[in-house]
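>>> Sequence and predicted structure are below.
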Amino acid sequence: MRDDFSQSVKDLLANRVGWKCSNPNCRKATRGAGVEKTTIINIGVASHITAASKGGPRYDDNMTAQERKSFENGIWLCQSCSKLIDSDEMGYTVDKLKKMERYFRTIGCFRVRRCNSR
């Protein structure tokens, strides 16, 4: 059984980083206008830092289902980087992914506060 994120967790992950990929080597915008006036394109993914199910990348048997599908276990990435982190587990450890997520969440918060304080 997969411990998937709720829609509210996905939205929170995306909004906290300004809908940009959290991989510092990418930072691609993951949401933008579609061809039609009323369409929006989303190429972002709420990715699990530790896998949502047994056998997945970085799975942690000690985590509960609630912990696996929580905001704290997620990182917002573009589709390419989401595939990359799961294909290169040695290069993208739990610790590295948590640092990436925390850094860009903090940067996003700082940018909003700085802009609003002018």
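Noted; the coordinates are in hand.

>>> Leaving out the residues flanking it, which one is nearest to the residue nearest the centre of the chain?
Centroid-nearest residue in the chain, with Cα atoms, centre = their mean: Trp76, separated by 1.7 Å. With Cβ to Cβ, 6 or more residues apart in numbering as the measure, Leu13 is the residue that lies nearest to Trp76, at 4.4 Å, once sequence neighbours are left out. For the C-beta atoms, the positions are set from N, CA and C on the backbone; glycine is no exception.

>>> With adjacent residues omitted, what lies nearest to Lys10?
Ala46 (4.0 Å).

>>> and the one you found, backbone torsions?
phi -80, psi 100 (degrees, to the nearest 10).

>>> which non-adjacent residue is nearest Ser80?
Ser80's closest residue in space is Cys26 (Cβ to Cβ, 6+ apart), at 7.4 Å.

>>> Contact partners for the one you found?
For Cys26, the contact set (Cβ atoms under 8 Å, 6 or more residues apart in numbering) comprises Leu77, Cys78, Ser80, Cys81.

>>> list the contacts for the residue nearest to the centre of the chain?
For Trp76, the contact set (Cβ under 8 Å, 6+ apart) comprises 13-14, 16-17, 19-22, 30, 44-47, 101.

>>> same thing with Glu72?
Contacts of Glu72 by Cβ under 8 Å, 6+ apart: none found.

>>> List the pairing partners of the helix or strand where Ser47 lies within its sheet, with orientation.
In the assignment (DSSP states H and E), Ser47 maps to strand 44-48. Take DSSP bridges as the rule and strand 44-48 pairs in its sheet with strand 74-78 (antiparallel).

>>> Good, we can wrap up now.
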